[in-house]
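In: the amino acid sequence is not available; the structure is as follows:
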């Protein structure tokens, strides 16, 4: 299945079956998601995978009763970082040095540039930037899931502050961006048979 076929196959699942995804499938999908593009390569977010039904029952109440939160195979919470400092950049530069087997001096200039960029942003701008990176990763997850024939439903209609409380994110310097339920569609989910509705490419793509 090519990417166009996969994206035509996917839809926002309304009802999941009780099928449980294999740990390998979920691990592969998470690996693909972590290969997502991200500004400066900093990855200012974390993926929190929740399988505990008791916790998901509580989170469902903070999701306007959407049963997909409870009945999916795995629930993924994208949490953006809210605390930024030079240590985040220094940690990344150290990782680059290690991964590429280069001398620190070859990349120290980039590190100083990155520090200057973030020093010129206020706290709100930094948080917005981090949430943007999380949403880019969500797009990678959704496309990768479609290619793997894993059903998914992204959800932004949640009470993020309650998610933050239940998951203890504030203490970890993070806050909820968006969530995504994973699993296999229920055979009774009639939404799977509906025609996909999108505007025509000629209307959506402007060539200049």
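Out: Cool, the structure landed. Since this is a predicted model, take the numbers as computed values, not measurements. Numbering: from 1, shown residues only.

In: what is the neighbour count of the closest residue to residue 74 other than its chain neighbours?
Out: Excluding the flanking residues, the one nearest residue 74 by CB to CB, 6 or more residues apart in numbering is residue 182, at 4.6 Å. For glycine as for every other residue, the C-beta is placed from the backbone atoms N, C-alpha and C. By other CB atoms under 10 Å, 24 other residues sit near residue 182.

In: do residue 173 as well
Out: Residue 173 has 14 neighbouring residues, counting by other CB under 10 Å.

In: returning to what we had before: so what's the residue nearest to residue 74 up against?
Out: Shown in contact with residue 182 (CB atoms under 8 Å, 6 or more residues apart in numbering): 21, 26, 29, 72, 73, 74, 75, 76, 145, 150, 151, 152.

In: mind running it again at 10 Å?
Out: The contact partners of residue 182, taken as CB atoms under 10 Å, 6 or more residues apart in numbering, are 13, 16, 21, 25-26, 29-30, 49, 68, 72-76, 141, 145, 150-153.

In: can you tell me the strand partners of the longest strand along the chain and which way each runs?
Out: Of all the segments of type strand in the chain, defined by DSSP state E, the longest one is strand 174-183. Take DSSP bridges as the rule and strand 174-183 pairs in its sheet with strand 74-81 (antiparallel), strand 151-155 (antiparallel).

In: who is residue 155 paired with across the strands?
Out: residue 179.

In: which residues sit in contact with it?
Out: Applying CB under 10 Å, 6+ apart, the residues contacting residue 155 are 12, 63, 64, 66, 68, 69, 75, 178, 179, 180, 181.

In: among the strands paired with strand 174-183, which is the most enclosed?
Out: Counting by mean count of other CB atoms under 10 Å, strand 74-81 has the highest mean neighbour count of the strands paired with strand 174-183, with a mean of 24.

In: could you point out which element follows that strand?
Out: Once the chain leaves strand 74-81, the next helix or strand it forms, by DSSP states H and E, is helix 86-100.

In: how big is the angle separating that next one from strand 74-81?
Out: On the basis of axes from the mean of the first three to the mean of the last three CA atoms, to 10 degrees, helix 86-100 is oriented at 120 degrees to strand 74-81.

In: list the buried residues in the helix or strand following helix 86-100.
Out: Counting by DSSP H and E, the next helix or strand C-terminal to helix 86-100 is helix 108-119. By 16 or more other CB atoms under 10 Å, the buried positions in helix 108-119 come out as 111, 114, 115, 118.
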